[in-house]
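Novice: 3D, please:
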Amino acid sequence: MNLLNIKLFRTQYTKTSLRILFYCVFCSVVPAALGSDRLHFLIPGGAGGGWDTTARGVGEALTRSGIVAGASYENRSGGDGSKAIAYMIETADRQKNTLMISSTPIILKSLKNIFPQSYKDLTPVAAVVADYGAFVVKADSKYQKWQQMIADYQLDPRNVRVAGGSVIGGMDHVVAAMALSKSGTDAKALRYIPYNAGAKAMVGLLSNETQLLSTGLSEAIALAEQGEVRILAMTAPARLSHAPSIPTLQEQNIDLVFTNWRGFFGAPGMSEEKVSSLQDSLGEMYESKEWEEIRTQRGWSNLFIRGKEFTEFLQAQESEMAILVDDLGLR
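Specialist: Predicted coordinates for the structure are as follows:
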């Protein structure tokens, strides 16, 4: 081989080596940059509801931050959420990359035998956000503190009618009954007035049909910002950074913390490796600026509970709510 051929060989070899090196580096970097598997979100309710906005917010944060390659969404309403749960169970072998959004009502409705399934029929993955209970009065209400309302209730439960945007035995009713019970009153005497949606319950409060509104904190904050109502108390463990002026029940000597969580479940039989991978992705999302922007914009409180702790959290909430449901004669 002459000198010219040797130089050409070396040049070609060097170019080939660089191509191989670039390919290897590219293959190792691109998956991390583009994210891992695509995720599919199963939503047991219609568009625009709490489940829907949470699932889409999480999916948006995961994709915008590059943690997952993409996300798709499926709204499967019906049966108070049982239709989606049944579908998840029946098609488990096809749901390897599916996360179903749910929240506290999955426990309440199972306890009341509204549907036969429960969270135990699925694979708990993680809780992601919390919405605490809130108790709202008109801006000109005579009640300035929770205990003032309780004193009036103890004189005669008919003095305090409570509005809620869910049916009798629904979340708004149960959270109000829980707060009254923890305040040392007879929760069975509660005069709960159900309205078909939170907006209609708000009208009931403003028109003096009721004296108190039981609702979610995120919704209550939006109402209070309009200036027509005040938030008398909430069920968070401590005051929140995005709502520092709202007192908790605990600081008013009522030993109650109640969290309406929203979180995700996998299909039954999901492998431990897959569950751990999904939990890691959600944990990574929590550290992203994309999630913080979405969370702050929508008024959510962070509540990341994963693994065994999430299962224990669900069991504890189920035990507490079972006692109250029985006491109220709701099953």
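Novice: CA only for contacts and neighbour counts going forward, please
Specialist: Fine.
Novice: buried stuff in the longest strand seen in the chain?
Specialist: Taking DSSP state E as the criterion, the chain has its longest strand at strand 123-138. For strand 123-138, the buried set under the neighbour-count rule, 16 or more other Cα atoms under 10 Å, comprises 123-138.
Novice: for that strand, what is the average pLDDT?
Specialist: Mean pLDDT, computed over strand 123-138, is 94.
Novice: what pairs with it, parallel or antiparallel?
Specialist: Under the criterion DSSP bridges, strand 123-138 sits next to strand 212-216 (antiparallel), strand 229-234 (antiparallel), strand 259-266 (antiparallel), strand 301-306 (antiparallel) in its sheet.
Novice: put the alpha carbons of the helix or strand just after the first one into CSV.
Specialist: The helix or strand immediately downstream of strand 212-216 is helix 217-225, counting by DSSP states H and E. Listed in CSV are the C-alpha atoms of helix 217-225, where the atom choice follows Å, rounded to 0.1, in the frame of the first residue of the first chain:
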residue,chain,number,x,y,z
LEU,A,217,-61.2,25.0,48.5
SER,A,218,-60.1,25.8,44.9
GLU,A,219,-63.6,26.6,44.0
ALA,A,220,-64.2,28.6,47.2
ILE,A,221,-61.1,30.8,46.6
ALA,A,222,-62.5,31.8,43.2
LEU,A,223,-65.8,32.7,44.8
ALA,A,224,-64.2,34.7,47.6
GLU,A,225,-62.2,36.7,45.1
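Novice: so who does residue 209 touch?
Specialist: Contact partners of residue 209, counting by Cα atoms under 8 Å, 6 or more residues apart in numbering, are residue 161.
Novice: any idea how far it lies from residue 141?
Specialist: According to Cα to Cα, to the nearest Å, residue 209 and residue 141 sit 13 Å apart.
Novice: now do stretch 268-278: everything it contacts.
Specialist: With contacts defined as Cα under 8 Å, 6+ apart, stretch 268-278 is touched by 89, 92, 96, 121-123, 125, 266, 307.
Novice: before we move on, what about stretch 86-102?
Specialist: Here stretch 86-102 makes contact (Cα under 8 Å, 6+ apart) with 37-44, 51, 54-55, 117, 121-122, 262-270.
Novice: try it again with 6 Å
Specialist: 39-43, 262-267 (Cα atoms under 6 Å, 6 or more residues apart in numbering).
Novice: distance to residue 329 added to the strands paired with strand 123-138, as TSV?
Specialist: Listed next are these as TSV, based on distance: least, Cα to Cα, whole Å:
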stretch	distance to residue 329
strand 212-216	20
strand 229-234	25
strand 259-266	22
strand 301-306	31
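Novice: please identify the most buried of the ones you listed.
Specialist: Highest mean neighbour count among the strands paired with strand 123-138 (mean count of other Cα atoms under 10 Å): strand 212-216, with a mean of 28.
Novice: could you check the angle that strand makes with helix 217-225?
Specialist: 130 degrees (axes from the mean of the first three to the mean of the last three Cα atoms, to 10 degrees).
Novice: strands along this protein, start to end?
Specialist: Using DSSP E, strands in the chain cover 39-43, 71-75, 98-103, 123-138, 161-164, 191-194, 212-216, 229-234, 259-266, 301-306.
Novice: save these as a markdown table, and put in distance to residue 281 too.
Specialist: Output for the strands of the chain, formatted as a markdown table (distance: least, Cα to Cα, whole Å):
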| stretch | distance to residue 281 |
| --- | --- |
| strand 39-43 | 11 |
| strand 71-75 | 13 |
| strand 98-103 | 12 |
| strand 123-138 | 11 |
| strand 161-164 | 36 |
| strand 191-194 | 39 |
| strand 212-216 | 28 |
| strand 229-234 | 31 |
| strand 259-266 | 12 |
| strand 301-306 | 11 |
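Novice: wait, residue 201 sits on residue 195?
Specialist: Yes: shown here, residue 201 and residue 195 form a contact pair, counting by Cα atoms under 6 Å, at 5.3 Å.
Novice: and residue 115, how many neighbours does it have?
Specialist: 17 (other Cα atoms under 10 Å).
Novice: let me fix that, I meant to ask about residue 222.
Specialist: Using other Cα under 10 Å, the number of residues around residue 222 comes to 12.
Novice: same question for the one 3 residues further on.
Specialist: Other residues within reach of residue 225 by the criterion other Cα under 10 Å amount to 10.
Novice: repeat for residue 251
Specialist: Residue 251, neighbours per other Cα under 10 Å, totals 13.
Novice: same deal with residue 322?
Specialist: Using other Cα under 10 Å: residue 322 sits among 19 other residues.
Novice: how much space between the residue lying closest to it once chain neighbours are set aside and residue 326?
Specialist: Counting by Cα to Cα, 6 or more residues apart in numbering, residue 111 is the residue found nearest to residue 322 once chain neighbours are left out, at 6.5 Å. As judged by Cα to Cα, residue 111 and residue 326 stand 9 Å apart.
Novice: give me the most central residue, the protein.
Specialist: In the chain, the centroid-proximal residue (Cα atoms, centre = their mean) is residue 262; its distance is 1.8 Å.
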